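**Q** 3D, please:
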Amino acid sequence: MLIKGDIDGAIGVMRAYLASIPYDIIKPTENYYETALFLMFKTLGLHCHAELRTSSGRIDTLVETPSYVYCFEFKLDKPAEDALAQINSKEYLLAWTGSGKKLFKVGVGISTKTRNIAEWKSTSSPASSPPCPPESTPPAPPLL
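**A** Numbering: from 1, shown residues only. Next up, the predicted model:
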């Protein structure tokens, strides 16, 4: 789903995956859900990072495909809007601006009562062109 830019379909798969985990082994922590979904992405062969450090903070989970970048922020028993606000305020995707990929910001609210994704909100920006190379490249400085 993520390979095709289908975030709603991907959330459906994520919800089904979490629903398959027996209730008595689930830990009521944000880190537990982050780890479970990171492992799902890895098992599916997606290029992803957990707790990816940027100049302004840590992205919970980042997934990159040839055409898309997904920034996931998870909040336990809080609205998805809070997670999306954090992505925006910390400008987590700034480093991927100009990558030529469509950028998705995905805020996910997880309920400890249902042990699953309760809500999600996403925004996307169109694929941006990679930076143009200069017309002439200055020569490299001499090695000392």
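**Q** Is Val63 bridged to anything, and to what?
**A** Cys48, Tyr70 (DSSP bridges).
**Q** what about it, neighbour count?
**A** Using other CB atoms under 10 Å, Val63 has 23 neighbouring residues. C-beta here means a position set from N, CA and C on the backbone, and glycine is covered the same way.
**Q** roughly how far apart are it and Ala127?
**A** Note on Val63: its distance to Ala127, by CB to CB, to the nearest Å, is 16 Å.
**Q** Kindly report the same for Asp8.
**A** Taken as CB to CB, the span from Asp8 to Ala127 is 19 Å.
**Q** of these two, who's got more company?
**A** Ala127 (15 against 9).
**Q** quick one: what helix or strand has that one in it?
**A** Counting by DSSP states H and E, there is no helix or strand that carries Ala127.
**Q** Kindly confirm whether my reading is correct that it touches Lys102.
**A** Yes. Counting by CB atoms under 8 Å, Lys102 is a contact partner of Ala127 at 4.5 Å.
**Q** so what's in contact with these two at the same time?
**A** Ser67 (CB atoms under 8 Å, 6 or more residues apart in numbering).
**Q** Relative to Arg58, how far out is the nearest residue to Arg15 once chain neighbours are set aside?
**A** Excluding the flanking residues, the one nearest Arg15 by CB to CB, 6 or more residues apart in numbering is Ile117, at 5.1 Å. To Arg58, Ile117 is 20 Å away according to CB to CB.
**Q** Report the rounded mean pLDDT for stretch 125-143.
**A** Stretch 125-143 carries an average pLDDT of 58.
**Q** Helices of this protein, start to end?
**A** Remark: helices assigned in the chain by DSSP state H are 7-19, 30-43, 80-89.
**Q** Give the buried residues for the second one.
**A** It stands for helix 30-43. Residues of helix 30-43 classed as buried by neighbour count (16 or more other CB atoms under 10 Å): Glu30, Tyr32, Tyr33, Glu34, Leu37, Phe38, Phe41.
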